[in-house]
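[1] Curious how this folds, go ahead:
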Amino acid sequence: MKTYVSIFILFFTFPLFAQVPQYRTINAALLISATKDGQAFRFTNKRIMVNLDYKAGNFLLKLTNTDFYRVDSASNNNIQDTLDQEQYIFSGILPINDILNQQTTEQNYNIELQLSNDNLNIYQTINMNMTITVPNVSGQANYRIFNMNGVMYNDELQLPAFTGFDNEIDFWIQFSGIATSN
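    Coordinates of the predicted model:
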């Protein structure tokens, strides 16, 4: 009898496990706005890859300083051609259960991301404002749009790419996440 009960339970719970959605991150971009000698500069990178673990909420973004291009430049020059390529990592843990169970169209969170670069000994916590939007798109109930914005302080970080820029460097991380079936 125990065997039949076990088989019965497995038979009816297996389809539930097979229906658990897997999430993937799409359409990621990063924008930086800084001022130097009274002139505003905007840099962008639309080739970034955001990793978000939808089980634990681990967030990871790796980027290099030479991947950023001036938004307002006709020549499309990168942030500084003379810089050595440095890898920067933004990491943190997002409130994933709140995000997945979000019942409102838009929700705001205050989060912390760690900015690190081993070569430059940069290990800085950046306070971020994160807005998550659940668009009213038919058939896409598990689609989320993430917008994060924060300020990096040049006097604390001393980023080589922003030598001579004003102290406050604004930046935005934007990406979308969507549930897909197994």
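[2] okay, the lengthiest strand in the chain in PDB with CA atoms only?
    Counting residues, the longest strand found in the chain (DSSP state E) is strand 22-36. In PDB, the C-alpha atoms belonging to strand 22-36 read as follows (Å, rounded to 0.1, in the frame of the first residue of the first chain):
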ATOM      1  CA  GLN A  22      13.100  29.300 -15.300                       C
ATOM      2  CA  TYR A  23      14.100  33.000 -15.600                       C
ATOM      3  CA  ARG A  24      16.500  34.600 -18.000                       C
ATOM      4  CA  THR A  25      17.700  38.200 -18.200                       C
ATOM      5  CA  ILE A  26      17.400  40.100 -21.500                       C
ATOM      6  CA  ASN A  27      18.000  43.600 -22.900                       C
ATOM      7  CA  ALA A  28      20.600  44.900 -20.500                       C
ATOM      8  CA  ALA A  29      22.200  48.400 -20.700                       C
ATOM      9  CA  LEU A  30      24.300  50.600 -18.600                       C
ATOM     10  CA  LEU A  31      24.400  54.400 -18.800                       C
ATOM     11  CA  ILE A  32      26.900  56.800 -17.100                       C
ATOM     12  CA  SER A  33      26.500  60.500 -16.800                       C
ATOM     13  CA  ALA A  34      29.400  62.700 -15.600                       C
ATOM     14  CA  THR A  35      30.500  66.300 -15.800                       C
ATOM     15  CA  LYS A  36      34.000  67.600 -16.600                       C
END
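[3] who touches stretch 112-125?
    59, 86-92, 126-128, 148, 150, 152, 156-160 (C-beta atoms under 8 Å, 6 or more residues apart in numbering). No exception for glycine: its C-beta is placed from N, CA and C like everyone else's.
[4] among those, which ones are buried?
    59, 86, 88, 90, 92, 126, 128, 148, 150, 152, 157, 159 (16 or more other C-beta atoms under 10 Å).
[5] and the last one, what does it touch?
    So the one you mean is residue 159. Contacts of residue 159 by C-beta under 8 Å, 6+ apart are 65, 120, 122, 152, 169.
[6] which one among those gets closest to residue 40?
    residue 169 (11.6 Å; C-beta to C-beta).
[7] could you measure that closest one against residue 31, distance?
    Distance, residue 169 to residue 31, using C-beta to C-beta, to the nearest Å: 11 Å.
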